[in-house]
Structure formats: structure tokens, C-alpha cells
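# Model the structure of this input:
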Amino acid sequence: ARTQVGNLAHALKTPLSVVLNETDGRSDEAAARIRDQTAIMRDQIDYYLKRARAAALAGAVGTATDIRDPIEGLVRTFGKIYRDRDLALVLDAPSGVRFRGERQDFEEMVGNLIDNACKWAHARVEVAVATVPGDERLPLRVTVADDGPGMPPDARAEALKRGRRLDETKPGTGLGLSIVADLAAQYGGQLVLGESREGGAEAVLRLPGDAAN
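Residues are numbered from 1 along each chain as shown. Model (predicted):
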């Protein structure tokens with residue numbers, strides 16, 4: 001199934017690129033609609049490719065990823081991407097903590113959360129990693145918090161729906177949080193949205209993991 005989804009997605013990408021190229025240099029309403037719909041189709045293709053990959057990899061036995069390097073790399077990357085915003089990205093991640101899963105999926109989940117926090121933050125984004133010894137099933141916690149306007153409780157469930165954007169003025173497709181939630185679920189994990197200490201948004205990613213010996 002994963003192979004067939006991949007074949008279909010790659011087969012569609014080229015004709016979609018051709019359709020999109022036909023709108024280059026055009027500013028009429030029809031061209032704008034084509035660009036918008038083509039972007040939506042591309043996002044859907046990427047979304048289901050990622051789901052297929054996650055479904056296949058989540059069943060892998062014995063896969064473990066030390067998260068220190070990937071999470072440090074993500075913080076550095078988004079610090080560069082948003083350097084014009086002069087944001088302070090603060091990381092608290094102990095050594096020797098592992099995610100029981102693939103590195104690419106961990107980076108996909110945490111990267112989306114950091115990206116989302118940077119879009120909304122006023123000045124500061126905090127990323128914290130911890131393990132909860134009493135939780136044998138989902139001991140790994142990754143918390144991403146910002147000091148932005150926050151998210152009302154009734155909007156949090158909406159934010160996790162695929163393609164749902166709470167503010168159309170912000171860049172993006174609305175797929176980020178739903179992809180995180182879906183990937184976490186593939187590993188038996190969970191994404192919980194709440195309020196940060198500074199009144200902004202807080203995302204807590206609960207995942208299978210452990211502390212390396």
C-alpha cells in the first residue's frame with residue numbers, strides 16, 4: 001500500500017508542476033484560482049505520502065533515535081529562518097534521551113511545532129525535552145511554547161483538523177498540526193495543545209521513548 005501511494009503521488013507531481021507552470025506570468029483571476037488549487041493538491045499529496053511512510057515505519061521494532069542532535073539542529077535551523085524576527089529560541093534538552101521511532105518522523109513532528117510557534121511568537125520560543133519515569137507507555141515529552149497571542153480552548157480542537165487555519169494572514173497550509181497529531185498517533189503518542197506560562201500557545205508532544213543507559 002505504501003508503494004502504491006508513493007507511485008501515485010510521484011505520478012501526479014509532474015503534471016501538477018506543468019499545470020502550475022502554465023500560470024506563470026499571468027495575473028488574471030483564473031490563473032490565481034489554478035495556483036491556489038494546485039498548491040492544495042500538492043499539500044494533500046505530501047500529507048498522504050507522509051502518512052503512508054509513518055504507517056510503515058511505526059511498526060518497525062527496535063528503532064530508537066537519540067534526539068539531542070536532531071532537536072538542536074531544528075532549533076538552529078529555525079533560528080536562521082526567523083532571524084529577521086529577532087526571536088529567542090531557548091532549548092532545554094538533556095543528553096541520552098531517545099525516541100522509539102525514526103529520526104525523520106521525530107524531526108517532522110518537532111519541526112512543525114517549532115515552525116508554528118515561531119510564526120506566532122512575539123519574542124520567545126521555548127523547547128523543552130523531558131522523560132516521565134512513571135509513564136511506561138509514553139515517557140517522552142517534548143514541549144514547545146511561545147509568548148504569542150495564544151489559542152482559546154475552543155479553537156484547539158479546530159487547529160488539529162487537516163487544512164484548518166485559524167488565521168489566514170499567517171503563511172502556511174493548515175496541515176502542520178494535523179500532520180504532527182497523525183504522526184504521533186501512528187506511534188501510539190499524542191499531541192496536546194494548551195496555554196504557555198507567558199499566555200501564548202503550548203504544544204506537548206507525548207511519545208514512546210526512554211533514557212539511554
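# which one in this protein is furthest away from the centre?
residue 28 (33.6 Å; CA atoms, centre = their mean).
# roughly how far apart are that one and residue 17?
From residue 28 across to residue 17, the span is 20 Å (CB to CB, to the nearest Å). The C-beta positions use only the backbone N, C-alpha and C, and glycine is treated the same way.
# May I ask which helix or strand of the protein has the lowest mean pLDDT?
Within the chain, no helix or strand scores below helix 153-159, which has a mean of 73 by mean pLDDT, DSSP states H and E.
# Tell me which helix or strand comes right after it.
For helix 153-159, the following helix or strand on the C-terminal side (DSSP states H and E) is helix 176-186.
# Give me the helices and strands touching that following helix, please.
helix 29-58, helix 103-120, strand 190-195, strand 201-207 (3 or more CB pairs under 8 Å, 6 or more residues apart in numbering; DSSP states H and E).
# List the buried residues of the helix or strand just after the last one.
From strand 201-207 onward toward the C-terminus, using DSSP H and E, the following helix or strand is strand 209-211. The neighbour-count criterion (16 or more other CB atoms under 10 Å) identifies 209, 210 as the buried residues of strand 209-211.
# I'd like the distance between residue 93 and residue 196.
Residue 93 is 18 Å from residue 196, by CB to CB.
# sorry, back to before: rank the helices and strands packed on helix 176-186 by pLDDT, which is bottom?
With a mean of 78, helix 29-58 has the lowest mean pLDDT of the helices and strands packed on helix 176-186.
# who does residue 97 bridge with?
Bridge pairing for residue 97 (DSSP bridges) gives the partners residue 211.
# Tell me how many other residues surround it.
By the criterion of other CB atoms under 10 Å, residue 97 has 22 neighbours.
# sorry, back to before: what's the offset of the least confident helix or strand of the chain from the middle of its chain?
What separates the centre of helix 153-159 from the centre of its chain is 17 Å, taken as CA atoms, centre = their mean, to the nearest Å.
# and what of stretch 192-212?
How far stretch 192-212 lies from its chain's middle: 13 Å, per CA atoms, centre = their mean.
# cool, stretch 140-160 as well?
13 Å.
# Just the CA coordinates for that stretch, please, in PDB.
The C-alpha coordinates for stretch 140-160 follow below in PDB (Å, rounded to 0.1, in the frame of the first residue of the first chain):
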ATOM      1  CA  LEU A 140       9.000  11.200  26.400                       C
ATOM      2  CA  ARG A 141       7.700  14.800  26.500                       C
ATOM      3  CA  VAL A 142       8.600  17.500  24.000                       C
ATOM      4  CA  THR A 143       7.100  20.800  24.900                       C
ATOM      5  CA  VAL A 144       7.100  23.800  22.500                       C
ATOM      6  CA  ALA A 145       5.800  27.100  24.000                       C
ATOM      7  CA  ASP A 146       5.600  30.600  22.700                       C
ATOM      8  CA  ASP A 147       4.800  34.100  24.100                       C
ATOM      9  CA  GLY A 148       2.300  34.900  21.300                       C
ATOM     10  CA  PRO A 149      -1.400  35.600  21.500                       C
ATOM     11  CA  GLY A 150      -2.300  32.100  22.500                       C
ATOM     12  CA  MET A 151      -5.100  29.900  21.400                       C
ATOM     13  CA  PRO A 152      -8.600  29.800  23.000                       C
ATOM     14  CA  PRO A 153      -9.700  26.400  24.300                       C
ATOM     15  CA  ASP A 154     -12.500  26.100  21.800                       C
ATOM     16  CA  ALA A 155     -10.000  26.700  18.900                       C
ATOM     17  CA  ARG A 156      -7.500  24.000  19.900                       C
ATOM     18  CA  ALA A 157      -9.600  21.100  18.500                       C
ATOM     19  CA  GLU A 158     -10.100  23.100  15.300                       C
ATOM     20  CA  ALA A 159      -6.400  23.600  14.900                       C
ATOM     21  CA  LEU A 160      -5.800  19.900  14.800                       C
END
